[in-house]
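**Student:** predicted model and sequence below, questions to follow.
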Amino acid sequence: MTLIHGVDYSVVNPDNKWKILKSQSRFALWALLISSGVVMQGFDIVAGGQLAALPAFRERFGVLQPDGSYLIPAHYLSAWNSIAPATEIVATFIFAPLLERFGRKWGVLAASLISVAGVLLQQLAPDWRMHLAGRGVNGIAIGMMFTISPLWIGETCRPELRGFFLCFFNTSIVFGQFAIVVVSQGSSHIDGLWQWWLPVVAMYIFPLILTAAWPFFPESPYWLVRRGRTLDAKRALRRIYGFQEAEYYDIEVNRLEEEIRITNDVHGGTSGLSSPKKVLGINIQAESECFDAQNRKRTFTAIFAASSQQMIGATFVIGYATYFFDLIGIKDYFGASIALYVVMLLASTAAFPLTEIYGRRFLIVGPQFILCFMLLIIGILGCIPNQARASWGIVALLYIWALIYQLSIGATGFVLASEIATMRLRAATQGLITITNSLWGLIMQFTVPYMINPDAGNLGGKVGFIFLGTGLIASVGGWYLFPETKGLSFEKLDELYAMKVPPRHFKRAVSAWSILLVP
């Protein structure tokens, strides 16, 4: 037994996770870097609501009202906020299969360059249609990074810390949301063009960071091992971890080879597959395999874990907080939204250790029902005739809702979605997660403006009733579909699904096996 930094890395032991964490500072920086690409999505989700709250933006793209003010029509907002999820779907459908052929690294550079083009179109847009085109182009880049980031982290990190580091994904999104709110609040004090240009120009920073770091960024060691490039995998691992002990890289490559071998054994290998299925010349063999009898339950679970975030109201609370606060009469609506995003950022950060301490299912299933109850109360408050009194009650509930959301499905949903697929189909499954999540985003981003805008539904707090309906579907579905994966190796997950153990009983089954194995 060889100890490296006091840990025997030749075995996967969840009890060692805190010891391992002490030596993961270099990997944490790489994970933080790749997650910074997802900050673009946080910016984009909230950008529509933030820009719509800026007078200069409304004057540039809005419609003059009889009282002399400008209003962004609901169909403008709907188009702006739904175009990115739409292009994410198309881009991911094309892009995800290419990850298996060309690796993860090349996509980072491609996404960065596409993002710069999209932001430039938004900045120089003479009318709302050109701004729409820019958001659509940027959506392509967002879809690419939304797929690459959790995939690279999940493949590269030690299994003991998978949940901990996958929380980077959600925290990056929340940080992007927080950052654009802060930038928009600052720019609200500027007169003229730069009032709305500043939040748009700020979007350049993230693709520029990724482009500058790209020549040094390591390819996924897991992908390299699958391609038979073990020496390149060891070089990538050395760049990622920086350990002096050469034994560590032999151990990690052996672990990855064993995971690949076991996964192929459980799923019958790949040698017997017929010629790859193609659509428009794109190999979709892996995507179709995700829905065969052996894998479809895991695929639906991964998709549902990510989709539940949208179903329970994240788009409404997170994407339109500033604009919604303005509509319900909160005077300092920028200050109220900044405080909201501070709460979410702190909660998302707190989820890092909680995911590994309490597990995934515990942090998702119960809190989802609590979030539904709060949506019910928000809807009831929206029915009160005196909305001036009810508005602060709605704001308070949204703060509590956001806190619970980020501690539960907001952070942990991505963790569960990213680790539930079998190793061989992780890239394909992550692509399907991105497509489905974008489809939900398309639906929500298209409909929410019509729900809350004064020239459309003008529902106010009553919008809580709508998300209560979809949230209950997410909560009940999660009760039956979401397993406890804390501390489980990919091989153990394969075995539990192969034995058709109900996901909600995974923890009980593993505990029973442990008792039987005790001599």
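**Tutor:** Good, I have the coordinates.

**Student:** going forward, measure contacts and count neighbours with C-alpha atoms only.
**Tutor:** Will do.

**Student:** chain center to the strand or helix carrying Glu495, what's the gap?
**Tutor:** Taking DSSP states H and E as the criterion, Glu495 maps to helix 490-498. In terms of C-alpha atoms, centre = their mean, to the nearest Å, the centre of helix 490-498 is set 24 Å apart from its chain centre.

**Student:** over to stretch 234-251?
**Tutor:** On C-alpha atoms, centre = their mean, the centre of stretch 234-251 falls 29 Å from the chain's centre.

**Student:** per-residue confidence averaged over stretch 27-39?
**Tutor:** Average pLDDT, stretch 27-39: 87.

**Student:** can you give the distance of that stretch from its chain's centre?
**Tutor:** 13 Å.

**Student:** name the surrounding residues that touch that stretch.
**Tutor:** 142, 145-146, 149-150, 153, 157, 165, 168-169, 172-177, 206-207, 210, 217, 240-241 (C-alpha atoms under 8 Å, 6 or more residues apart in numbering).

**Student:** switch the cut-off to 7 Å
**Tutor:** 142, 145-146, 149, 153, 168-169, 172-173, 175-176, 206-207, 240-241 (C-alpha atoms under 7 Å, 6 or more residues apart in numbering).

**Student:** export only the CA atoms of it, formatted as PDB.
**Tutor:** Provided in PDB are the C-alpha atoms of stretch 27-39 (Å, rounded to 0.1, in the frame of the first residue of the first chain):
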ATOM      1  CA  PHE A  27      -7.700  20.700  -9.100                       C
ATOM      2  CA  ALA A  28     -10.100  23.100  -7.500                       C
ATOM      3  CA  LEU A  29      -8.600  26.000  -9.600                       C
ATOM      4  CA  TRP A  30      -9.000  24.000 -12.800                       C
ATOM      5  CA  ALA A  31     -12.600  23.200 -11.800                       C
ATOM      6  CA  LEU A  32     -13.200  26.800 -11.000                       C
ATOM      7  CA  LEU A  33     -11.800  27.800 -14.400                       C
ATOM      8  CA  ILE A  34     -14.000  25.500 -16.400                       C
ATOM      9  CA  SER A  35     -17.000  26.500 -14.300                       C
ATOM     10  CA  SER A  36     -16.400  30.100 -15.200                       C
ATOM     11  CA  GLY A  37     -17.800  29.300 -18.600                       C
ATOM     12  CA  VAL A  38     -21.100  28.600 -17.000                       C
ATOM     13  CA  VAL A  39     -21.100  32.000 -15.400                       C
END
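
**Student:** list the buried residues for that stretch?
**Tutor:** Using 16 or more other C-alpha atoms under 10 Å as the burial criterion, the residues of stretch 27-39 that qualify are Phe27, Ala28, Trp30, Ala31, Leu32, Leu33, Ile34, Ser35, Ser36, Gly37, Val38, Val39.

**Student:** got these as a markdown table, with secondary structure and distance to His189 columns?
**Tutor:** Output for the buried residues of stretch 27-39, formatted as a markdown table (DSSP: H, G, I helix; E, B strand; the rest coil; distance: C-alpha to C-alpha, whole Å):
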| residue | secondary structure | distance to His189 |
| --- | --- | --- |
| Phe27 | helix | 40 |
| Ala28 | helix | 37 |
| Trp30 | helix | 36 |
| Ala31 | helix | 35 |
| Leu32 | helix | 32 |
| Leu33 | helix | 31 |
| Ile34 | helix | 33 |
| Ser35 | helix | 31 |
| Ser36 | helix | 28 |
| Gly37 | helix | 28 |
| Val38 | helix | 28 |
| Val39 | helix | 24 |
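
**Student:** which intervals of this structure have sub-threshold pLDDT?
**Tutor:** Scanning the chain for pLDDT under 70 picks out 1-2, 49, 262-287, 319-320, 322-323, 387-388, 427, 455, 513-519.

**Student:** quick one: the strands in it?
**Tutor:** In the chain, the strands defined using DSSP state E lie at 63-64, 70-71, 278-279, 282-283.

**Student:** picking that back up, of the buried residues of stretch 27-39, which is the nearest to Tyr249?
**Tutor:** Ranked by distance to Tyr249 (C-alpha to C-alpha), the buried residues of stretch 27-39 are led by Phe27 at 13.9 Å.

**Student:** got the buried residues of stretch 27-39 as TSV, with distance to Ala428 columns?
**Tutor:** Output for the buried residues of stretch 27-39, formatted as TSV (distance: C-alpha to C-alpha, whole Å):
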residue	distance to Ala428
Phe27	24
Ala28	25
Trp30	23
Ala31	21
Leu32	23
Leu33	23
Ile34	19
Ser35	19
Ser36	22
Gly37	20
Val38	19
Val39	22
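
**Student:** residues near Ala212, how many?
**Tutor:** 12 (other C-alpha atoms under 10 Å).

**Student:** which ones are touching Thr436?
**Tutor:** Ile303, Ser307.

**Student:** Arg298 contacts Ser418, doesn't it?
**Tutor:** No - look at Arg298 against Ser418 with C-alpha atoms under 7 Å: they stay out of range, at 10.8 Å.
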